[in-house]
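[1] Quick one, fold the following:
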Amino acid sequence: MASSPPQQQPPPPFAAQNLTAQGPVQVPPGSGAGALPGAFANLQISRGAAPPPGAPRGLTPQQAPPAFAARPGPPPAAARPAFPGSPPAPPFVRAPTAATSASPPFGGQPGLVSQPLPPFGGPPGAASQPPPSFGVPPGVVSQAPPPFGGPPAAVSQAPPPFGGPPATASQAPSPFVGHTVAASQAAPFGGPLVAGSHPPPFGGPPVAGSQPAVPPRPTFPGHSGPMAAAAAWTQPTPPSFGAPQQPPPPFGSRPVGQPPFATQSAPVAQQLPFMGPPRANAPAFGPPSWQAQGAGSGAMQPPMRMPGIPGSMQPNTLGPPGTPTIPYSPHAGTQVSTPSKIDPNQIPRPMPESSVIIYETRQGGQATIPPAASSEFIVKDTGNCSPRLMRCTVNQIPCTGDLLTTSGMPLALMVQPFSLPHPSEEPIQLVDFGEMGPIRCSRCKAYINPFMKFVDQGRHFICNLCGFRNDTPRDYMCNLGPDGRRRDADDRPELSRGTVEFVATKEFLVRDPMPAVYFFLIDVSMNAIQTGATAAACSAIAQAISDLPEGPRTMVGIATFDSAIHFYSLKRAQQQPLMLIVPDVQDVYTPLQTDLILPVSECRENLEQLLESIPNMFENNRVADSAFGAAMKAGFLAMKSTGGKLLVFQSVLPSLGVGSLSAREAEGRANITTGDKEAHKLLQPVDNTLKTMALEFAEYQVCVDVFLTTQSYVDIASISVVPQTTGGRVYYYYPFSALSDPAKLFNDLRWNISRPQGFEAVMRVRCSQGLQVQDYFGNFCKRVPTDIDLPAIDSDKTVMVTFKHDDKLPENVECGFQCALLYTTVYGQRRIRVINLSLSCTNLLANLFRCADLETQFACFLKQAANGIPTSPLPRIRDEATNTCINILQSYRKHCASVTSSGQLILPEALKLLPLYTLALVKSVGLRTDGRLDDHSYWISLVSSISVVLAVPLVFPRLIPIHDLISRDDDDSLVPSPLMLNSENVQEDGIYLLENGEDGLIYLGNMVNPATLEQIFGVSSLAALPVQLALDQFDNELSRKVNEVVNEIRRQRCSYLRLRLCRRGEPSGDFFRSFLIEDKAPGVFSYVEFLVHVHRQIQSKMT
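    Here you go, the predicted structure:
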């Protein structure tokens, strides 16, 4: 049944607005001519215009679609995390407001602000009162609780996105009506920005003129047969990603007027959700969008040529400068003349995308090519799923395995089932078939979807995956229209949408759905206490408790460990928590069968009291040992009956009990420097002990996340096996700083527990006959060949699925893919999320190259490289990455380009950045020979579940100048256009931020203006800069803008960047320069040299 909140009123009328697309923003020239060899000066790019009729594209903003009928449904599963200091972002609006008091230092010690901090979203002056406790229950009592997190907040600020009203608690944002803003407006997608206005600092008052809560949309109209229900979803209250409210290290002290462990959340009615998209020139998540203006990454466009790249032939064989041009051919591109010089500014580089794309997943009965993952787009699901949820490496499927092998490209899907939607997108519909359960193919068990064909007046349907003819259940019958479709197809989400969610029936339940259990395990060994790691963990947990899902099914437990394990009974009846010690770390047990894990509502006071006292209880601890493995095992035993999340805070190398480890770092350093061929074995787990333990955890639905707050080697290669097998991840803070890292620790923990997620999940991907699933890659446990088990799955996790041909695919039929994810929501509902993608098949190699998806292919290469690092020597991995790039480009040159002079390097338009990204991969942290073992192992663990949108920036970061933020003129985007990654763009009088989604390196030149230093860092000379950076906000325009940029990047990346200072002449400066991909590095090519190398290799293969 459709569930809906009370008080239904008609929504306000929507006004239409005009839309004009903004032109592309040009990236500054990357390098001067002097930096290139003489033969490299005049590269030209020839591009065709629009795609041919056979390859429809998503609508560009000029073609905004008409309003389409809204059906009821949940709001977007989540908004991105809001970081303090970032503008409270209603959809698409930079909130105009008068400048208010300085926002809190972001990433630094709280308490450094000159004024007390009002609670997030609270009214002015609220700072003097304790922040109101979070926890207004979603909806009414009689209503089913929503699956993901708390309720969404009301959006303050006038113009709604795309005609939709702001979302209010327990109700969905309305669909967009297809309009945006003229290019002249500063605020993309919103009302005009008031001149001179600035977004309020985080924690400032809501902007005057906040809109009242918008009433819910009408429920889904009933029809014969099972009801399609609107999901009772609400958004999780997005994390505000702020510095902890009180400094963790003297843990007991707290600011005046605030209760201990004050949370940062305001009541739902006030809280400003984190929903705004990045501004126009800062595409969500990423380096600028790579698609050429006017057409997407896969649009039919002629290739790019680089005439005159020095090859194996003598320069005089390249032909005279006046070589005549050859007429245009769709597969070969326009022939350009081949002078002996190439313009260095024409080397392929990413270009920022300035406009937002409205993307329809299917048009005219065909799949459309999705926009680049890094661009900003709004999806209208017209039969295929959103590319955020699932995208393919090629957008047309090769009919034969031979064709795929010839192309050199991989055939794989990247599946991110809980990916965050754009705030203006329609929510995923929830469909309830009652006791009958969802309709499925009786042969292959595929779920009903828009591509199943109904025949015989609707009495039968033919499965789009296996071709089997099924009987239609009597309750599901419906007549067919003249077009052969069911007459009710557009009213049924499962027959018209690429993604739907079904209510699971009893046949999908092995046991009752599990409660949401969170068990915290804290290292209290001597090192953890002395470095402040224990205090930081206690502080982070205390503040994050308020972000746990509300309701009686949310349960918590806590234990600490050094050489023994200390459990705590938190029963309310006791005056104070009771400690129970388990000294046996070889044969672990739990001291009580009950009372170790309790509903959070029953033990919150005792838990907060305990967290405040733990650092003091152990402050004189002299036990250096850590029984990490035994503590995890003990925590698991306490959770075994329910399952849940085990969050472990670990500071030293596990040295005692089951799963203890030894220091391999020294051995590793010696091996790497002597060029030992077996050095990669130190990146493998030391033995199978932790793997065996992890498999047992996964069997009982326990997911482990490990927070490594360390200053030494901890053997991540061995430790990371546990999170990777159980659907968790490793968080790594090295070297841990009690000054700057507590803020990141808190934000990472807060996002971990509040982002969209599901528990006890099973996932299977099915595909059409002719293909078969080859393998799955990601953080999961696999017991049977067809399925993967995920004790937890969240919005940040991606699973890669590779395919191979086992038969020929017919060219005139589409190839279907279906991902089914059975999971339990945090509120205990069992659901099946079904994600469908149907792509046309082709026998033409040129179509494969035209429809290639660069970022998805690169994510695939990145994951394959990371997967091979522990088992192969690094030089071999680097060679394999380079050869993959060369083979793809050589295949294009040989089979798709017209016969031309061999003095040209010809790149397919859709893959023109493949050489640049391949070079970035070869130079990345994971593939370098130098560096610490743990850094390599952490990089591998990060890549295993990384999303497409974060894969490129991880190795090809953004370089942003922050010393001149006041003077720049492209004021419509919060984050400036990135610079090319070469040393010519790094001036000694500048300050630059280089960010890869995980870390932010701030580089200071040696001749920086002291006034600029004073404004940003509060010191007047480089010598006075602290070693550990906490970026405070000072009372000046530049400081405010720097904080805004950092906070916006944190919001885009859903990650609280860990900042560190880098200076020339120091190891930190060398580390920064190692990310300047276009420069030459010891033993590695510059970008220009790499293009020459690729070209020579292609020439030698051709001859």
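
[2] CA atoms for contacts and neighbours, from now on please.
    Will do.

[3] Okay, I614 and L548: tell me how far apart.
    With the distance defined as CA to CA, to the nearest Å, I614 ends up 21 Å from L548.

[4] which one of those two has more residues nearby?
    L548 (25 against 18; other CA atoms under 10 Å).

[5] Surely that one touches W751?
    No. With contact defined as CA atoms under 8 Å, L548 and W751 do not form a contacting pair (10.2 Å).

[6] shared neighbours, these two?
    Common neighbours of L548 and W751, counting by CA atoms under 8 Å, 6 or more residues apart in numbering, are absent.

[7] excluding its backbone neighbours, what's nearest Q530?
    For Q530, ignoring the flanking residues on the chain, the nearest one in space by CA to CA, 6 or more residues apart in numbering is E619 at 7.8 Å.

[8] what sits against F502?
    L430, V431, D432, F433, P438, R831, I832, R833, V834.

[9] sec struct for it, please.
    Look at F502: counting by DSSP: H, G, I helix; E, B strand; the rest coil, its state is strand.

[10] Could I get the pLDDT score of it?
    Per-residue pLDDT puts F502 at 98.

[11] Quick check: bridge partners of it?
    Counting by DSSP bridges, F502 forms beta bridges with V431, I832.

[12] got it, and I369?
    Listed by DSSP bridges, the beta-bridge partners for I369 are R57.

[13] go on, the one 10 residues further on?
    According to DSSP bridges, Y359 are recorded as the beta-bridge partners of V379.

[14] how close does it get to T531?
    Counting by CA to CA, the gap between V379 and T531 amounts to 47 Å.

[15] ok, the two, which is more surrounded?
    Each of V379 and T531 had its neighbours counted (other CA under 10 Å), and the higher figure belongs to V379 (24 against 18).

[16] domain ranges for this structure?
    For the chain, the domain assignment from the TED database gives the residue ranges 429-494, 517-754, 853-955+1087-1102, 957-1076.

[17] could you give the mean pLDDT of the lengthiest helix in the chain?
    Identified as the longest helix of the chain according to DSSP state H is helix 874-895. For helix 874-895, mean pLDDT is 96.

[18] ok, now stretch 369-389?
    Across stretch 369-389, the average pLDDT comes to 96.

[19] Pull up the distance across it, start to finish.
    Span of stretch 369-389 from end to end, CA to CA: 15 Å.

[20] go on, stretch 378-387?
    The distance separating the two terminal residues of stretch 378-387, taken as CA to CA, comes to 10 Å.

[21] which residues does G1005 contact?
    Taking CA under 8 Å, 6+ apart as the contact definition, G1005 lies against Q987, E988, D989, G990, I991, R1063, R1064.

[22] What's the separation between the last one and D930?
    Shown here: R1064 relative to D930, a distance of 19 Å by CA to CA.

[23] out of the two, which sits in the more crowded spot?
    Set side by side, R1064 and D930 show unequal neighbour counts under other CA under 10 Å, the larger going to R1064 at 16 against 12.

[24] State the pLDDT value of the more buried one.
    90.

[25] doesn't D1070 make contact with it?
    Yes. Using CA under 8 Å as the test, R1064 is close enough to D1070 to be in contact (7.2 Å).

[26] How about the contacts made by the spatially closest residue to A504 that is not a sequence neighbour?
    Taking CA to CA, 6+ apart as the measure, A504 lies nearest to R831, with 5.0 Å between them; neighbours along the chain are not counted. By CA under 8 Å, 6+ apart, the contact set of R831 is E501, F502, V503, A504, L822, Y823, T824, T825.

[27] quick one: low-confidence ranges for this structure?
    Low-confidence segments of the chain (pLDDT under 70): 1-344, 665-677, 899-901, 969-972.

[28] again, only using 50
    Per-residue confidence for the chain (pLDDT under 50) gives these ranges: 1-79, 84-240, 242-301, 308, 310-341, 670-671, 674.

[29] I'd guess R604 is in a strand, am I close?
    No. Residue assignment for R604, taken from three-state DSSP, gives helix, which places it outside any strand.

[30] do you know how far it is from V704?
    R604 sits 22 Å away from V704, going by CA to CA.

[31] show me the residues around I462 that make contact.
    By CA under 8 Å, 6+ apart, the residues touching I462 are M452, K453, F454, V455, F468, R469, N470.

[32] Count residues in the vicinity of the closest residue to it other than its chain neighbours, would you?
    The spatially closest residue to I462, leaving aside those adjacent along the chain, is R469, at 4.5 Å (CA to CA, 6+ apart). R469: 18 surrounding residues under other CA under 10 Å.

[33] before we move on, what about the one 5 residues further on?
    Around R474 sit 9 other residues, with neighbours defined as other CA under 10 Å.

[34] how close does it sit to R459?
    In this view, R474 and R459 are 8 Å apart by CA to CA.

[35] Then N779?
    Applying CA to CA, one obtains 42 Å for the distance of N779 from R459.

[36] residues touching the residue nearest to I462, list them.
    If you count contacts by CA under 8 Å, 6+ apart, then R469 has H460, F461, I462, C463 around it.

[37] List the contacts of the helix or strand where I960 lies.
    Here I960 sits within strand 958-961, counting by DSSP states H and E. Contacts of strand 958-961 from elsewhere in the structure, counted by CA under 8 Å, 6+ apart, are 286-287, 975-981, 990-996.
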